[in-house]
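**Q** The sequence isn't on hand, but the structure is:
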């Protein structure tokens, strides 16, 4: 004859409900911790640069790997105004905009020329270099293959974009979409 144990909940037998409660609470806490660790919940968002705010400083590798390009802490271009132009060779509006801006930049007298800093996003280096050379670009171009500056700092999610920075390092204007050579000249005059 087999011996059946006492019925659950009977005197002397531990009650199992607290284990279930601890298990459920543990799963909820683990889920909450996972969400907190792997998302931005609970962490402050960095402010997105806007007109009037200070332009964030950054340094990226130069396109082609020869040195670095970026925005220094003392203004747009070492205490001078500067223009950031965000583009990519695969972007149809950029294919029209960049050659025109490169031509306008080359046509400016070097003494009065405002530095232009190109930021090329996620192009393979060979394609980006080919596009820059075909376009006649003579200004510095940074490679941003991980979109650390384009999306990470400026929160741009498409190309082209332009940021006009005053000599004091504040942003005068942000333009989403392509700009013409005439707009580049007019917006640069606003920086002087």
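**A** Good, I have the coordinates. Predicted model only: the values in this text are computed from it and were never measured.
**Q** Roughly how far does the nearest residue to residue 179 once chain neighbours are set aside sit from residue 90?
**A** Nearest residue to residue 179 in three dimensions, chain neighbours excluded: residue 162, at 5.4 Å (CB to CB, 6 or more residues apart in numbering). (Glycine included, C-beta is placed from N, CA and C.) With distances taken as CB to CB, to the nearest Å, residue 162 is found 18 Å from residue 90.
**Q** one step back: that's a strand at the residue nearest to residue 179, yeah?
**A** Yes: assessed with DSSP: H, G, I helix; E, B strand; the rest coil, residue 162 lies in a strand.
**Q** can you pull the buried residues of the regular element (helix or strand) spanning residue 126?
**A** Assigned by DSSP states H and E, residue 126 belongs to helix 125-135. Within helix 125-135, the residues scored as buried using 16 or more other CB atoms under 10 Å are 128, 129, 131, 132, 135.
**Q** out of these, who's nearest residue 120?
**A** Nearest to residue 120 among the buried residues of helix 125-135 is residue 128, at 4.7 Å by CB to CB.
**Q** Contacts only, for that closest one.
**A** Contact analysis of residue 128 by CB atoms under 8 Å, 6 or more residues apart in numbering lists 63, 88, 89, 120, 141, 143.
**Q** same deal with residue 84?
**A** Applying CB under 8 Å, 6+ apart to residue 84 gives the contacts 55, 71, 116, 117, 118, 119, 162, 163, 165.
**Q** please redo it, this time with the cut-off set to 7 Å
**A** The contact partners of residue 84, taken as CB atoms under 7 Å, 6 or more residues apart in numbering, are 117, 119, 162, 163, 165.
**Q** follow-up on the earlier one: so between residue 162 and residue 90, which is more surrounded?
**A** Using other CB atoms under 10 Å, the more surrounded residue of residue 162 and residue 90 is residue 162, with 22 against 15.
**Q** For beta bridges, what are the partners of that one?
**A** Beta-bridge partners for residue 162, by DSSP bridges, are residue 85, residue 175.
**Q** okay, it: pLDDT?
**A** Looking at residue 162, its pLDDT is 96.
**Q** Nothing else from me, thank you.
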